[in-house]
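J.: need a 3D model of the sequence below.
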Amino acid sequence: MSGAASRPVDVAVAIILRPDGRFLLGRRPAGKVYEGYWEFPGGKVEPGESAVAALKRELHEELGIEVETAYPWLTREFDYAHAAVTLRFFRVLDWRGELHGREQQQFAWQSIGNVNVTPILPANGPILRALELPQVYGISCVAQVGRQAFMQKLETALAAGLRLVQLREKNLPESDLVGLAREVVAVAHRYNARVLINAAPQIALATGADGIHLSSAALMACGRRPDVAWCGASCHDAAELQHARALGVDLVVLGSVAPTVSHPGAPALGWEKFSVLTENYPLPVYALGGMTPADLQPASQHGAHGIAMLRGAWGL
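T.: As a prediction, this is how the structure comes out:
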């Protein structure tokens with residue numbers, strides 16, 4: 001029976017992360033399917049076992065460590081020739097014990113942009129791409145503070161570690177937006193940060209931006225993924241999340257999670273509904289709406305990749 005025709009096998013998978021951003025890959029030992037391939041550590045979820053319990057058990061059995069902090073992240077499905085799998089990824093940030101291969105398997109710490117082991121299991125390609133995305137997504141505020149003040153705030157935030165910026169200035173004429181975008185991109189690229197423009201793809205191409213960010217209306221009007229290197233999308237409900245998934249965008253912003261200054265009195269999702277909407281979702285999701293840096297941990301606990309901030313990103 002082919003993988004596509006069989007019942008998917010539930011697998012809990014660990015993205016074990018060091019503070020410097022490096023992550024662990026293990027090599028499948030001889031005698032196993034895809035022997036010699038590199039993968040993120042983990043294993044099958046047993047009947048009646050939760051995914052997080054399976055994760056902790058597998059990491060203890062394989063690596064001799066006790067997991068202390070593990071946040072749910074992405075869920076992806078993949079059909080191998082021998083089996084269909086549902087991969088439930090967790091980000092593991094804290095553990096106890098000395099990491100070692102109890103099954104004599106090889107391990108290697110890797111970093112994004114410098115993965116030097118090969119071959120890697122096919123299902124892990126999208127995961128490596130998702131790991132390129134930082135946990136904080138800053139949204140521009142030129143309309144609120146003015147161009148000069150924003151450029152100063154942008155430089156300060158980039159120097160402090162911000163690496164992903166959305167230029168969202170809906171009321172600027174296109175000629176002014178193009179000029180501003182070129183200036184923002186030039187500054188951001190000095191810090192190896194990416195810029196996504198909330199505008200048409202041709203503006204991104206004309207300004208050297210790294211991609212575009214689709215509003216929810218633009219998302220729902222899209223029949224296929226825009227031809228850009230990176231594409232984000234704004235979502236508010238399950239239908240928009242599903243369409244973003246179908247298009248294969250790179251990241252999603254979901255909100256509003258909490259009340260915001262810009263939309264007083266508007267209904268907010270809250271963390272419980274956010275968690276329900278993003279459960280088993282395959283794309284990195286940023287929580288939006290009333291976020292501050294202090295919200296990064298609760299966002300991670302509820303399955304978010306990170307947080308998107310307008311006021312919070314610039315100290316407003």
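
J.: which residues touch the spatially most central residue of the chain?
T.: Taking CA atoms, centre = their mean, the centroid of the chain lies closest to P284, which sits 3.1 Å from it. If a contact means CB atoms under 8 Å, 6 or more residues apart in numbering, then P284 has 74, 130, 133, 250-252, 305-306 as its contacts. C-beta coordinates here come from the backbone N, C-alpha and C atoms, glycine included.

J.: now do the buried residues in stretch 39-55.
T.: For stretch 39-55, a neighbour-count test (16 or more other CB atoms under 10 Å) marks 39-43, 45, 51-52, 54-55 as buried.

J.: which members of these occur in helices, if any?
T.: 51-52, 54-55 (DSSP state H).

J.: and which of the residues you listed is nearest V115?
T.: L55 (22.3 Å; CB to CB).

J.: what residue, apart from its backbone neighbours, is nearest that closest one spatially?
T.: Closest residue to L55 apart from its sequence neighbours, by CB to CB, 6 or more residues apart in numbering: A12 at 4.0 Å.

J.: surely that neighbour and G42 touch.
T.: Yes. Shown here, A12 and G42 form a contact pair, counting by CB atoms under 8 Å, at 5.1 Å.

J.: so for those two, which residues contact both of them?
T.: The contact lists of A12 and G42 share 54-55, 58, where a contact means CB under 8 Å, 6+ apart.

J.: okay if I get these as CSV plus distance to A157 and pLDDT?
T.: Output for these, formatted as CSV (distance: CB to CB, whole Å; pLDDT from 0 to 100):
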residue, distance to A157, pLDDT
A54, 39, 98
L55, 34, 98
E58, 39, 95
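
J.: closest one of these to P19?
T.: Closest to P19 out of the shared contacts of A12 and G42 is L55 (20.2 Å), distances taken as CB to CB.

J.: would you confirm that the closest one contacts F89?
T.: No. Between L55 and F89 there is no contact under CB under 8 Å: 9.4 Å.

J.: find residues that contact each of those two.
T.: 13-14.

J.: on that earlier part again, any idea which of the ones in helices among the buried residues of stretch 39-55 is closest to D79?
T.: Looking across these and measuring by CB to CB, the closest to D79 is A51, at 19.7 Å.

J.: on the pLDDT front, check the residue lying closest to L131 once chain neighbours are set aside for me.
T.: Spatially, and ignoring its direct neighbours in sequence, L131 is nearest to I112 (5.4 Å; CB to CB, 6+ apart). Listed pLDDT for I112 reads 92.

J.: how about I112, phi and psi?
T.: Main-chain torsions, I112, degrees, to the nearest 10: phi -60, psi 130.

J.: in the lengthiest helix in the chain, which residues are buried?
T.: Taking DSSP H as the criterion, the chain has its longest helix at helix 174-190. Within helix 174-190, the residues scored as buried using 16+ other CB under 10 Å are 177-178, 180-181, 183-185, 187-188.

J.: now the helices for the stretch 51-200 of the chain?
T.: Using DSSP state H, counting those that start in this stretch, the helices of the stretch 51-200 of the chain run over residues 51-63, 125-130, 142-145, 147-159, 174-190.

J.: list the helices and strands the longest one packs on?
T.: Using 3 or more CB pairs under 8 Å, 6 or more residues apart in numbering; DSSP states H and E as the contact criterion, the secondary-structure elements in contact with helix 174-190 are helix 147-159, strand 164-167, strand 194-197, helix 201-207.

J.: follow-up on the earlier one: ok, the buried residues of helix 174-190 vs I197, which is closest?
T.: Set against I197, the nearest of the buried residues of helix 174-190 by CB to CB is A181 (5.7 Å).

J.: need the contact list for the closest residue to the closest one other than its chain neighbours.
T.: Distances taken as CB to CB, 6+ apart put T207 closest to A181, at 3.9 Å, once the chain neighbours are dropped. Contacts here follow CB under 8 Å, 6+ apart; on that basis T207 touches 178, 181-182, 185, 197.

J.: tell me how far G315 lies from L196.
T.: As judged by CB to CB, to the nearest Å, G315 and L196 stand 21 Å apart.

J.: how about K170?
T.: K170 is 14 Å from L196, by CB to CB.

J.: which one's more surrounded, those two?
T.: Taking other CB atoms under 10 Å, K170 and L196 do not tie; L196 has more neighbours (26 against 9).

J.: tell me what the residue nearest to the more buried one when sequence neighbours are not counted is bridged to.
T.: Spatially, and ignoring its direct neighbours in sequence, L196 is nearest to H213 (4.4 Å; CB to CB, 6+ apart). Counting by DSSP bridges, H213 is bridged to G232.

J.: appreciated, that's everything.
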